[in-house]
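Chemist: from the sequence below, what's the structure:
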Amino acid sequence: MPLETDNFIYLQRDVSVTRTDLLPARVLWINGAMVAAEVDVVTFPDAAGKKLSILFEDGRRFVTQEAVVEGVIDREAADERSDDELSRMDFDQDSRAVVVVLKRVSDPVLAESRECYRVRTVPLNVTVRFGSCLECDLTDISQTGFAVLSDEAFEAKSVVEASLPDKDGCLIEGHVRVQSVRQLRNGRYRYGVAVFGRGMQTACAWLATELQRQMIRRSVTVRSS
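Modeler: All right, here's what the predicted structure looks like:
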């Protein structure tokens, strides 16, 4: 199934290296090889000429297509976004929508090793224990780490207690290392962390794969409804 207006897609930056962050976006219009999509300017700093990949559901396949940034239009889309759309695009207190224009330069091909991608999980309303907070909002996850929102203040490189569910429904307790700290307008903090220890690494890898499957199933269900 080809891309269509209002489809939700992911943009993967730095396609020439191993970075695999997936940034959510919403397709506004398509004209031949050109695609305009709404994105969060905070997480999309790329300028014209930058290469990236577009990832989307093509029927039951998860495919990737190379593209080049033609330009970024510093204005929001004319239409009003629903609460569900805002949630799926992972907009937070610092977010501001802009329109990025992309030129597709290859045919779609099957995305390999999709379990290694970092997936935005805000729409799934998942919580994990982090520090003294028993239910911190999980905002994204990969096989080696995740990001959470918390009211507690920690410094970068801090080691924090955390727990994640495993495939048997048990909580695996361990430690994570704070890799990045970002304070939001509402006073909360967004932490990017790396897990260590065999138990936490296994639990993180399983949860990342499971949540990605849920996001893909959710995307297909919403689009077909």
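
Chemist: so Gln201 versus Ala208, what's the distance?
Modeler: 11 Å (Cβ to Cβ, to the nearest Å). From N, CA and C alone the C-beta is placed, and that goes for glycine too.

Chemist: list residues touching both of those two?
Modeler: Common neighbours of Gln201 and Ala208 (criterion: Cβ atoms under 8 Å, 6 or more residues apart in numbering): Gln143.

Chemist: what about Glu135, neighbour count?
Modeler: Number of residues near Glu135 (other Cβ atoms under 10 Å) recorded here: 10.

Chemist: and what of Ser150?
Modeler: Around Ser150 sit 17 other residues, with neighbours defined as other Cβ under 10 Å.

Chemist: beta partners for it?
Modeler: For Ser150, the beta-bridge partners under DSSP bridges are Tyr189.

Chemist: residue ranges in the protein under the pLDDT threshold?
Modeler: 1, 13-22, 42-43, 45-46, 59-61, 76-94, 111-118, 216-225 (pLDDT under 70).

Chemist: picking that back up, who's more crowded, Gln201 and Ala208?
Modeler: More crowded of Gln201 and Ala208, by other Cβ under 10 Å: Ala208, with 24 against 18.

Chemist: any chance you could map the helices in this structure?
Modeler: Under the criterion DSSP state H, the chain contains helices at 83-88, 198-224.

Chemist: do you know how far the residue in the chain sticking out farthest from the centre is from Arg104?
Modeler: Farthest-out residue of the chain from its mean C-alpha position, per Cα atoms, centre = their mean: Gly32, at 26.5 Å. Gly32 is 9 Å from Arg104, where distance means Cβ to Cβ.

Chemist: one more: Cys170?
Modeler: 44 Å.

Chemist: likewise for Val27?
Modeler: Note on Val27: its distance to Arg104, by Cβ to Cβ, is 12 Å.

Chemist: so Glu66 bridges to which residues?
Modeler: Note on Glu66: beta-bridge partners Ser53, judged by DSSP bridges.

Chemist: in contact with it, which residues?
Modeler: Contact analysis of Glu66 by Cβ under 8 Å, 6+ apart lists Val15, Lys51, Leu52, Ser53, Ile54, Arg104, Val105, Ser106.
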